[in-house]
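Visitor: sequence plus the predicted model coming up.
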Amino acid sequence: MTDSVEAQDSSYAAARLRLLTEEARSGPPRRAALAALTDQWLAQLATEAAAATGTTGFALLAVGGYGRGELSPRSDLDLVLLHDSQKTVAALADRLWYPVWDLGLALDHSVRTPAEARQTAAEDLKVQLGLLDARHIAGDSALTAALRSSVLADWRNQAPKRLPALHEMCQERAERQGELSYLLEPDLKEARGGLRDATALRAVAASWLADAPREGLEEARTTLLDARDALHLATGRATDRLALQEQDQVADALGLLDADALLRQVYEAARRIAYASDVTWREVGRVLRSRQQRPRRRGLLGRGRTSPRASGPGGAPAAVHTPERVPLADGVVEQEGEAVLALAARPDRDPVLALRAAAAAAQAGLPLSLHAVRRLAASAKPLPVPWPGEAREQFVTLLDAGESTVQVWEALEAEGLITRLLPDWERVRCRPQRNAVHRFTVDRHLVETAVQAAGLTRRVGRPDLLLTAALLHDIGKGWPGDHSEAGEVIARDVATRIGFHEADVDTLALLVRHHLLLIDTATRRDLDDPETIRSVAETVRDTSTLELLAALTEADALATGPAAWSTWRASLLADLVDRVAGALDSGALPQVAEREPTAEEERLVIEAARTGGPVLALHAHTEPEAEGDAQDEALGVELVLAVPDRPGLVAQAAGVLALHRLTVRAADLRAVDPIDEGPIALLTWRVSAEYGALPEAARLRADLARAFEGTLDIEARLAEREAAYPRRRGITPPPPRVSVAPGGTSQTATVLEVRAHDAPGLLHRIGLALTAAAVTVRSARISTLGANAVDAFYVVGKDGDPLPPARAAEVARQVEKALR
């Protein structure tokens, strides 16, 4: 090595050291300055080496991160020596590479002709990605420009094949490395949401096929790059894994309070990149599907909608393809695999639309489109406090969608809608949990607990309280003191804000305060000690709360991680719950309240007895329910129906409501005996339109009369509509559960409890099953809590008496089989 080269190396090493130890300059300016300094040094080396070897027709290129000018302190130097078949290129390469190695710098290098570089890029996706960021350093700039142009053209031409391969590579890497935003020792580069994914988004944008959501994306990349710079300087090594022992030092270098503040900042950046990746890859898939279908569409004339702005030969309207829009809920439709807002939706006038759209998307198993979320974030009318009943129902329905809840929740959170709905969420958002048992951050753990709780809703009488408690049980983390005690206070505020009645607020507060009671007692106390059982029983108060707390305990453990739940822990918990249940009251359902008919109901009953046909009244529901009831005044309209009692009445009436696309939110059925007349069934329904306007009362009455006369084939009509407008299958809910209530619940009837996923026509199917089982429904209490139906039917046999135990169990099995 010549003295000149040694002097250059020494000068570069000294300047590099000064730059890396200069506190006044960090972040993007330092990375750019380090790249420029390295460019200058390499350019001088290349110029002298070319002169010494007599080499012409070459170019030195920086690729990858160095090509982007993002050179971290310990990053590799990714270099390509491009040449036009010069024999002296090997000697030139030696004079370039050895000085780099002599300084102890990591080097990733290759020597290729333009044709070889292009061929290698076509065969190796990683090489092609690196060349997309190629930047000229020294030599013949025309060689660099030509290669850049050809590689970029190849990338765009091959995008339909290369992008799916890139997506698959990203998915495989995510499976290996995990989710950056939940790892206690994340890999800033390789984990999902890391720098590799950010680079992949740049490649997608370069293809011109799709583009990533740009808002906040560059800031997120900068956050991860800054953290990696500080990590390199703290360790003196080229590492991307943010190990626990280095986190405090890295946080200090970045001017952050502590390691938790560092992780939270890193997690937020990773979530932004991960969400942008999800949106971008969905768009790539949509575009590629559209391209595959286009040739077929061109051959199918008349299949698209006609547009007045498009014309064919002779001025005739031309067929223009319009994506199919399938209704999901009021103001929400499915389009090309996403839930989007309907054309007539008005977020500025509909404060519940954001939650309705989120719930509809989650229940359908669809992502909520980026445009929809941003429109809701920009113009949605704020919800009043406390929330109206529909908002609470939609919120619970969102939580009840299981795994599908997560992607919708993340979309809402990415645009700030979650903290707008629940201000207390900000405290737990992206908060790390420094506990090896936990696999998620606090906020993601809460969502995951709701996901697990959605699979346990058949075990409880109040699934809405279970799901809400699951979301709130650790809400006190991040506040001083015991997180359960702090969480109790916050849970009261949140539950009141959401609009729960006072009794339900008390129950939710108890569940949050004591969410660790059962598992701690089961694993740390003597269950044979009567005092242990008495203490737990006094805390939970009744069996309905006990079943909620037991389900919450299991959901919490399942969401925490494999180490928190096992067959042994499950058996201990079940043993404790059985013992405590035995020490409590039966917890039986209350009798359906017997009350005198109102004046309107008396008029309807008398008219039904006189005419022998159905008589109904339809009006807005304004009466609030009793305190602690699961429903309230803000859900739909009230339909009061009086009709002479007959077998199959529930199935027929519910079937007509389903035909008119009316969703049953609640219902009561009882028999009234007017003087000298046969029994009259009095049904009070609370219904809402699935979407659109409510039907006219006259049409509803006419269809009810036809159904009771036997001239309306409800089954055939429902089947025809399903064939014409098939519903999206959506999520797979837990199976239905039909059970016989404990003895003593009613002295005059057998009570069948039905817990199932709400769906159009569900009550009609239940009624058909009860009719097929040859039992008579004397009264019923119907409740819809979010996406869950929780119903109680008081049935008797042909003799008018309660069913014998064996017969009751058989009827329950028949109904459950019919619902499955």
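Guide: Ah, there it is. Residues are numbered from 1 along each chain as shown.
Visitor: can you pull the buried residues of the helix or strand hosting L657?
Guide: Secondary structure assignment for L657, by DSSP states H and E: helix 649-659. For helix 649-659, burial by neighbour count (16 or more other Cβ atoms under 10 Å) applies to L649, V650, A651, Q652, A653, A654, G655, V656, L657, A658, L659. C-beta: built from backbone N, CA, C; applies to glycine.
Visitor: cool, and stretch 599-606?
Guide: Quick answer for stretch 599-606 (16+ other Cβ under 10 Å): E601, L604, V605, I606.
Visitor: what lies in contact with it?
Guide: Outside stretch 599-606, the residues within contact range by Cβ atoms under 8 Å, 6 or more residues apart in numbering are P597, V615, L616, A617, V640, L641, A642, V672, P674, I680, L682.
Visitor: try 7 Å this time
Guide: P597, V615, A617, V640, A642, V672, P674, I680, L682 (Cβ atoms under 7 Å, 6 or more residues apart in numbering).
Visitor: and L768, which helix or strand is it part of?
Guide: helix 762-772.
Visitor: packing partners of the helix or strand following that helix?
Guide: Per DSSP H and E, helix 762-772 leads on to strand 776-785 as the next helix or strand towards the C-terminus. Here strand 776-785 touches strand 662-672, strand 788-796, going by 3 or more Cβ pairs under 7 Å, 6 or more residues apart in numbering; DSSP states H and E.
Visitor: again, 10 Å this time
Guide: helix 389-399, helix 463-472, helix 649-659, strand 662-672, strand 680-689, strand 750-757, helix 762-772, strand 788-796 (3 or more Cβ pairs under 10 Å, 6 or more residues apart in numbering; DSSP states H and E).
Visitor: max-length helix in the chain?
Guide: helix 259-298 (DSSP state H).
Visitor: could you list the buried residues of that one?
Guide: Neighbour-count burial for helix 259-298 [16+ other Cβ under 10 Å]: 259-260, 262-288.
Visitor: phi first, then psi, for T239.
Guide: phi -120, psi 150 (degrees, to the nearest 10).
Visitor: the residue lying closest to it once chain neighbours are set aside and V777, how far apart?
Guide: Nearest non-adjacent residue to T239, counting by Cβ to Cβ, 6 or more residues apart in numbering: L231, 6.3 Å away. According to Cβ to Cβ, to the nearest Å, L231 and V777 sit 68 Å apart.
Visitor: follow-up on the earlier one: angle of the helix holding L657 against strand 788-796?
Guide: Helix 649-659 and strand 788-796 are oriented at 150 degrees to each other (axes from the mean of the first three to the mean of the last three Cα atoms, to 10 degrees).
Visitor: going forward, begin numbering at 368 instead of 1
Guide: Sounds good: first residue 368 from here, last item helix 1016-1026.
Visitor: give me the average confidence score over helix 1016-1026.
Guide: Across helix 1016-1026, the average pLDDT comes to 89.
Visitor: nearest residue to the residue nearest to the spatial centre of the chain other than its sequence neighbours?
Guide: Residue closest to the average C-alpha location in the chain (Cα atoms, centre = their mean): V773, at 2.2 Å. Among residues not flanking V773 along the chain, V814 sits closest, at 6.1 Å (Cβ to Cβ, 6+ apart).
Visitor: do T899 as well
Guide: R892 (4.8 Å).
Visitor: now the helices: where do they sit in the stretch 718-867 of the chain?
Guide: 720-731, 737-746, 756-766, 771-781, 784-788, 809-821, 830-839, 850-865 (DSSP state H, counting those that start in this stretch).
Visitor: by contact count, what packs against the third one?
Guide: When you say that, I think you mean helix 756-766. By 3+ Cβ pairs under 10 Å, 6+ apart, helix 756-766 packs against helix 720-731, helix 771-781, helix 809-821, helix 830-839, helix 850-865, strand 1029-1039, strand 1143-1152.
Visitor: helices and strands around the second one, which ones?
Guide: Looking back up the chat, that one is helix 771-781. helix 626-665, helix 720-731, helix 737-746, helix 756-766, helix 784-788, helix 809-821, helix 830-839.
Visitor: got it, and the first one?
Guide: When contacts are defined as 3+ Cβ pairs under 10 Å, 6+ apart, helix 720-731 packs onto strand 692-696, strand 699-702, strand 705-708, helix 737-746, helix 756-766, helix 771-781, helix 784-788.
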